[in-house]
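got a sequence here, can you model it:
(2 chains)
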Number of protein chains: 2
Amino acid sequence: MIQKLTETERNAGLQELKDWQPSAGRDAIRRAFKFRNFSEAWGFMNRVALLAETQDHHPEWSNVYNRVEILLTTHDCDGLSERDLKLARAIDRLLA
Amino acid sequence: MIQKLTETERNAGLQELKDWQPSAGRDAIRRAFKFRNFSEAWGFMNRVALLAETQDHHPEWSNVYNRVEILLTTHDCDGLSERDLKLARAIDRLLA
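Okay, the predicted model is just below:
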């Protein structure tokens, strides 16, 4: 059973993941990405898709040409969990 | 210069593309897709990405696990054009 993050864990997570923002109205985090073109955006999304499948934790995300928006939350606990922080860190590492 | 569809062309297009709906509040069409799992949804999205790049016409789209939503509109003419109908037909053929 996945547990929601406590308030302390949530704050620590958000402090660590500086490029992610809390999502308005949902217990979730989001980050927007901009690439040079669709090809680059899609390459990135494919790498995130592999991470998601490997971690068995999938984002809510959208794409418009060179822009990608990723929202992470955990449906099983109806809020933010350690799974979201783990996936966010792995996504950040792709771009590091 | 890309031209917006006339009212007649728009209606004919929507009649032909039975699985696509006009999008509320935008001159666009949308279709929702549901697959068995993320792997299937992502396989489909990759095929659509190749169509989009080949046609140099890209969707606004989102994915949540096994669900995909695609919205088509043409930014260059700020509305629905023949490019959208062409891409919609090609997407439909992937699933035929």
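
around chain B, pick out the residues from chain A.
Residues of chain A that fall close to chain B, judged by CB under 8 Å from any CB of the partner chain: A:38-39, A:42, A:46, A:49, A:52-53, A:58, A:60-65. The C-beta positions use only the backbone N, C-alpha and C, and glycine is treated the same way.

secondary structure class for A:A32?
strand (DSSP: H, G, I helix; E, B strand; the rest coil).

quick check: it touching A:R67?
Yes - between A:A32 and A:R67 there is a contact at 6.9 Å, judged by CB atoms under 8 Å.

with adjacent residues omitted, what lies nearest to the residue in chain A that chain B sits nearest to?
Distances between chain A and chain B by CB to the nearest CB are smallest at A:S62, namely 3.8 Å. Spatial nearest neighbour of A:S62, chain neighbours left out: B:S62 (3.8 Å); criterion: CB to CB, 6 or more residues apart in numbering or on different chains.

buried residues in whatever helix or strand A:N46 lives in?
Per DSSP states H and E, A:N46 falls inside helix A:38-55. Neighbour-count burial for helix A:38-55, counted by 16 or more other CB atoms under 10 Å in any protein chain shown, picks out A:38, A:41-42, A:44-45, A:48-49, A:51-52.

pipe those residues into TSV and attach pLDDT per row.
Shown next, in TSV, are those (pLDDT from 0 to 100):
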residue	pLDDT
A:F38	98
A:A41	98
A:W42	98
A:F44	98
A:M45	98
A:V48	98
A:A49	98
A:L51	98
A:A52	98
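
pairing partners for the host helix or strand of the residue nearest to A:S62, with directions?
According to DSSP H and E, B:S62 maps onto strand B:60-64. Note on strand B:60-64: by DSSP bridges, its sheet partners are strand A:60-64 (antiparallel), strand B:67-72 (antiparallel).

format those as a markdown table; extra columns: mean pLDDT, mean neighbour count and distance to A:K86.
Shown next, in a markdown table, are those (pLDDT from 0 to 100; neighbours: other CB atoms under 10 Å in any protein chain shown; distance: least, CB to CB, whole Å):
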| stretch | mean pLDDT | mean neighbour count | distance to A:K86 |
| --- | --- | --- | --- |
| strand A:60-64 | 98 | 20 | 16 |
| strand B:67-72 | 98 | 19 | 23 |
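
make a markdown table out of those strands and add distance to A:E7.
Shown next, in a markdown table, are the strands paired with strand B:60-64 (distance: least, CB to CB, whole Å):
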| stretch | distance to A:E7 |
| --- | --- |
| strand A:60-64 | 23 |
| strand B:67-72 | 31 |
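
so for A:L72, which of those strands sits nearest?
Closest to A:L72 of the strands paired with strand B:60-64 is strand A:60-64 (CB to CB; 7.7 Å).

now the angle between helix A:38-55 and the closest one, please.
170 degrees (axes from the mean of the first three to the mean of the last three CA atoms, to 10 degrees).

may I have strand A:60-64 as CSV, with CA atoms only?
C-alpha atoms of strand A:60-64 as CSV (Å, rounded to 0.1, in the frame of the first residue of the first chain):
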residue,chain,number,x,y,z
GLU,A,60,-0.2,12.6,-16.7
TRP,A,61,1.4,14.6,-19.5
SER,A,62,0.8,16.6,-22.6
ASN,A,63,2.7,17.7,-25.6
VAL,A,64,2.2,20.6,-28.1
